[in-house]
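Colleague: just to be clear, the model below is a prediction. Sequence and coordinates:
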There are 4 protein chains.
Amino acid sequence: MWLPIDSRSSTPIYQQIIDGIKERIAKGVLEPQSKLPSIRELAMDLTINPNTIAKAYQELERGRVIEVVRGKGTFVCALTEAPRSASQLPLLRESLKKLLVEAHHLNVPFSEVTQELENMIASWFEEKEGE
Amino acid sequence: MWLPIDSRSSTPIYQQIIDGIKERIAKGVLEPQSKLPSIRELAMDLTINPNTIAKAYQELERGRVIEVVRGKGTFVCALTEAPRSASQLPLLRESLKKLLVEAHHLNVPFSEVTQELENMIASWFEEKEGE
Amino acid sequence: MWLPIDSRSSTPIYQQIIDGIKERIAKGVLEPQSKLPSIRELAMDLTINPNTIAKAYQELERGRVIEVVRGKGTFVCALTEAPRSASQLPLLRESLKKLLVEAHHLNVPFSEVTQELENMIASWFEEKEGE
Amino acid sequence: MWLPIDSRSSTPIYQQIIDGIKERIAKGVLEPQSKLPSIRELAMDLTINPNTIAKAYQELERGRVIEVVRGKGTFVCALTEAPRSASQLPLLRESLKKLLVEAHHLNVPFSEVTQELENMIASWFEEKEGE
DNA sequence: GTGGTCTAGACCACC
DNA sequence: GTGGTCTAGACCACC
């Protein structure tokens, strides 16, 4: 598996791995129940310290995004394992607020934000289909 | 001036101050040309070290969000000083992508994201008017 | 007399005044022996605190660029009052070095620096003649 | 690494460090991709507080002169990362103007400025080769 | 090991 | 009054 890692970025490498895997899952490139590469394998692919991969996997497991099956490997969780709760809408709203603040300081009108969001949703699963 | 600061958060305090001020500007609570509290004053209000406030103000000045007038104080920049360039849409799209990834992992359907965004835009300047 | 002053610049205002007057003298706009505006007059013109103008004039007097004649006013020094000494070439070389360091980091080739310098010299007294 | 620091100068120490490092890079003494001393190491060498070195490094990183690799250290950027843009010639011209103003007040004729500049360019990389 | 953040407190230049 | 710099020393995350 390949993920875009920038060792010069201020975002920690383990966080970049988390973000990259979550994005691939969200886009449907990594499907529920599918197997992830082993820590060593991914460390080799990305030429990164295995400890760093391990930290990313631990965080993803804590967040119920992936699960470790002893002796078999690591797998993407089924959707039902992360059921929706009332606490999740406030989190999303917080992100939405930050998005609008950013848009304002980039001088992008809100109407364009809505438009861009709709465009992105429309083409969201493209990467998966083109796979 | 009050800003919500969480000293236990992993987000640095100076960054929380930056975010808080940018949000107040974006919502119109802090208008262009209006005066910000002095470093010492804000440090007292938030019971935070003046150096930390100074770092936040310096970052905001570098980003052309605020400007320092020698010996007089610090002021919100006029809008025209941060003109829009072609490099800004990609930044917004990156944020939009992260938003959709987050929504997926929170089990919030994209249609609801769009709906929430429109609601938030509709009530964006409420805080200012209620002031 | 008008000078370009930016109260938001990180260069102190009194320094901007010094630089502006030195530039006008170097370009021949202000000729040797010519009279400068009084402190009060210049303070009015630039809408700046008279103390700030006074500080600039004091520094210029210390550097033998201008001289105060009691009861008559302030005048540009004659050239002969700032005779050339051996200590001045090193100062210029220090400035030249900084110029080349800057050019390197701006990715401007040295050949272009030389060319730009010659162009600038060729058109140096234009402002005076157009006066 | 040694840099000439004057703690009595009006130029801030962190700025002197920035200038010194930029000069060493421009002269080729510090080559692209080469490693800079760690903050603590340089602080020891120059007997300066680590915070001051850190500020200098952060400014240099913002200017894309150096880059931080997490946990590994700080390195000189590759040249291609600071591409030339149209906004850079005006900055150089501003510096050239200041140079000519200074030359005039030092009583150094412009012909000698040109001559000194050409001499300096001719011997620019000497320090590197003599290394 | 590396750099990043924060506090406490001092001193300074500028207006 | 204002912001800017610096020290001394602590603690933290990352690799």
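Modeller: Perfect, I can see it now. Numbers count the residues shown, from 1 in each chain, chains lettered A, B, ... in the order given.

Colleague: in chain A, which helix has the most residues?
Modeller: Taking DSSP state H as the criterion, chain A has its longest helix at helix A:88-105.

Colleague: packing partners for the helix or strand just after that helix?
Modeller: Per DSSP states H and E, helix A:88-105 leads on to helix A:110-122 as the next helix or strand towards the C-terminus. Helix A:110-122 sits against helix A:88-105, helix B:88-105, helix B:110-122, with contacts defined as 3 or more Cβ pairs under 8 Å, 6 or more residues apart in numbering or on different chains; DSSP states H and E. Bear in mind the C-beta positions are built from the backbone N, C-alpha and C, glycine included.

Colleague: shaky segments in chain A?
Modeller: Within chain A, the segments meeting pLDDT under 70 span A:80-84, A:86, A:128-131.

Colleague: can you name the residues of it that neighbour DNA strand F?
Modeller: A:12-15, A:49, A:51-52, A:55 (Cβ under 7 Å from any atom of the strand).

Colleague: now which of these would you call buried?
Modeller: Among the residues of chain A next to DNA strand F, the ones that count as buried by 16 or more other Cβ atoms under 10 Å in any protein chain shown are A:13-14, A:52, A:55.

Colleague: so of these, which ones are in helices?
Modeller: A:13-14, A:52, A:55.

Colleague: in chain A, what residue comes closest to DNA strand F?
Modeller: A:Ile13 (3.2 Å; Cβ to the nearest atom of the strand).

Colleague: which residues sit in contact with that residue?
Modeller: A:5, A:7, A:48, A:52, D:70 (Cβ atoms under 8 Å, 6 or more residues apart in numbering or on different chains).

Colleague: generate a ChimeraX selection restricted to the buried entries among the residues you listed.
Modeller: Filtering the contacts of A:Ile13 down to the buried ones (16+ other Cβ under 10 Å) takes a single ChimeraX command:
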select /A:48,52
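
Colleague: and which of the contacts of A:Ile13 is nearest chain C?
Modeller: Within the contacts of A:Ile13, distances to chain C taken as Cβ to the nearest Cβ reach their minimum at A:Ser7, with 23.8 Å.

Colleague: is it true that the closest one touches D:Val68?
Modeller: No: counting by Cβ atoms under 8 Å, D:Val68 is not a contact partner of A:Ser7; they are 9.5 Å apart.

Colleague: residue of chain A nearest DNA strand E, please.
Modeller: As assessed by Cβ to the nearest atom of the strand, DNA strand E sits closest to A:Ser10 within chain A, at 7.0 Å.

Colleague: ok, how many other residues are close to that residue?
Modeller: 8 (other Cβ atoms under 10 Å in any protein chain shown).

Colleague: A:Thr47 too?
Modeller: 8.

Colleague: got it, and A:Glu59?
Modeller: A:Glu59 has 15 nearby residues by other Cβ under 10 Å.

Colleague: what residues are up against it?
Modeller: A:14, A:18.

Colleague: near DNA strand E, anything from the helix or strand hosting it?
Modeller: Assigned by DSSP H and E, A:Glu59 falls within helix A:50-62. No: contact of helix A:50-62 with DNA strand E (Cβ under 7 Å from any atom of the strand) is absent, the minimum separation being 11.5 Å.

Colleague: list the buried residues of the next helix or strand after that helix.
Modeller: As assigned by DSSP H and E, the chain's next helix or strand after helix A:50-62 is strand A:66-69. For strand A:66-69, burial by neighbour count (16+ other Cβ under 10 Å) applies to A:Ile66.

Colleague: what helix or strand is A:Asp6 located in?
Modeller: Per DSSP H and E, there is no helix or strand for A:Asp6.

Colleague: gap between it and chain C?
Modeller: 23 Å (Cβ to the nearest Cβ, to the nearest Å).

Colleague: counting neighbours, what do you get for that residue?
Modeller: A:Asp6: 9 neighbours (other Cβ under 10 Å).

Colleague: and it, how far is that from C:Ile39?
Modeller: 56 Å (Cβ to Cβ, to the nearest Å).
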